[in-house]
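Colleague: Have a look at this prediction, sequence included:
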Amino acid sequence: TYALEIEGLTKNYGDGFQALKGIDLQVREGDFFALLGPNGAGKSTTLGIVSSLVNKTSGAVRVFGHDIDTDLSNAKLSLGVVPQEFNFNQFEKVVDIVTTQAGYYGIPLKAARVSAEKYLKKLGLWDKRDTPARMLSGGMKRRLMIARALVHEPKLLILDEPTAGVDIELRRSMWQFLEEMNRQGTTIILTTHYLEEAEALCRNIAIIDHGQIIRHTSKRELLQQL
Ligand code: ADP
Ligand code: ADP
């Protein structure tokens, strides 16, 4: 089975605009995969549909074989998502944001606390555990989003433009963190409009433009063709 399989995915927004025109994508278990394309290509729409934040118009999406139409709760359990925008409660404490998220997956409070501590430590936020999220720097907020996405230990982690607006130092440390997660077996998919980022991190790349996948290849092949 694939970590992520997308077939014939289309999206027409309410205003009639067709943002996705029939996307096909397969990402193998263990892969580090980039969905690369310019702004407006359809990357966030695709990830929004995979994480069931956006309704699709047609097509199929399976996460580790779990179809989001018929088996959404298992699809969600296999998946951690880091959206671009900060969508946590800014007034909540850092540790509560992560622990509460674990509760949504049915993880008992004690285990939720253990997991929250583990991921806040990994992301260098344990010292900030009692700080309201709004007091964090932008880079810390981004790391908080990652800790929250990992608290239920998903097999697939999806990040939408994870290093957009992030300074070079944090970008490097995030890259290292993601590489380490991938080495330990987590499948990772990120979207980016930086070829450099896809090149630095990913084994396989799909290029999306105007709502269509225009190329689906290994990094090695892509670099040979450029
Ligand atoms: P859906 O089809 O998923 O319900 P909608 O078409 O209802 O999505 O759009 C959701 C919201 O996003 C609307 O309030 C819409 O006005 C707004 N929106 C419209 N155009 C854009 C755009 N280009 N980028 C982001 N948001 C937009
Ligand atoms: P990317 O993530 O690659 O920048 P998006 O998926 O955000 O691209 O957007 C793809 C296209 O869909 C863009 O033309 C964008 O303006 C449009 N779009 C995104 N969200 C909405 C919305 N809610 N309503 C209408 N159009 C939208």
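Modeller: Everything's here; your move. Just so you know, these numbers come straight off a predicted model, no measurement behind them. Ligands and ions are numbered 1, 2, ... in the order given.

Colleague: Helices of the chain, residue ranges please.
Modeller: Secondary structure of the chain by DSSP state H: the helices cover 43-50, 72-77, 94-104, 109-122, 138-150, 168-183, 195-201, 219-225.

Colleague: Adding mean neighbour count, distance to Ile213 and mean pLDDT, write these out as JSON lines.
Modeller: For every residue, glycine as well, the C-beta is placed using N, CA and C. Shown next, in JSON lines, are the helices of the chain (neighbours: other C-beta atoms under 10 Å; distance: least, C-beta to C-beta, whole Å; pLDDT from 0 to 100):
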{"stretch": "helix 43-50", "mean neighbour count": "23", "distance to Ile213": "10", "mean pLDDT": "96"}
{"stretch": "helix 72-77", "mean neighbour count": "16", "distance to Ile213": "21", "mean pLDDT": "96"}
{"stretch": "helix 94-104", "mean neighbour count": "20", "distance to Ile213": "31", "mean pLDDT": "97"}
{"stretch": "helix 109-122", "mean neighbour count": "17", "distance to Ile213": "32", "mean pLDDT": "97"}
{"stretch": "helix 138-150", "mean neighbour count": "21", "distance to Ile213": "25", "mean pLDDT": "96"}
{"stretch": "helix 168-183", "mean neighbour count": "15", "distance to Ile213": "22", "mean pLDDT": "92"}
{"stretch": "helix 195-201", "mean neighbour count": "17", "distance to Ile213": "14", "mean pLDDT": "88"}
{"stretch": "helix 219-225", "mean neighbour count": "13", "distance to Ile213": "13", "mean pLDDT": "77"}
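
Colleague: Any idea which of the ones you listed gets closest to ligand 2?
Modeller: helix 43-50 (3.2 Å; C-beta to the nearest ligand atom).

Colleague: Tell me the helices and strands packed up against that closest one.
Modeller: Using 3 or more C-beta pairs under 8 Å, 6 or more residues apart in numbering; DSSP states H and E as the contact test, the elements touching helix 43-50 are strand 2-12, strand 18-28, strand 32-36, strand 58-63, strand 79-82, strand 156-160, strand 187-192.

Colleague: Please tell me the pLDDT value assigned to the residue minimising distance to the centre of the chain.
Modeller: Residue closest to the mean C-alpha point of the chain, counted by C-alpha atoms, centre = their mean, is Ile158 at 1.8 Å. We have a pLDDT of 97 for Ile158.
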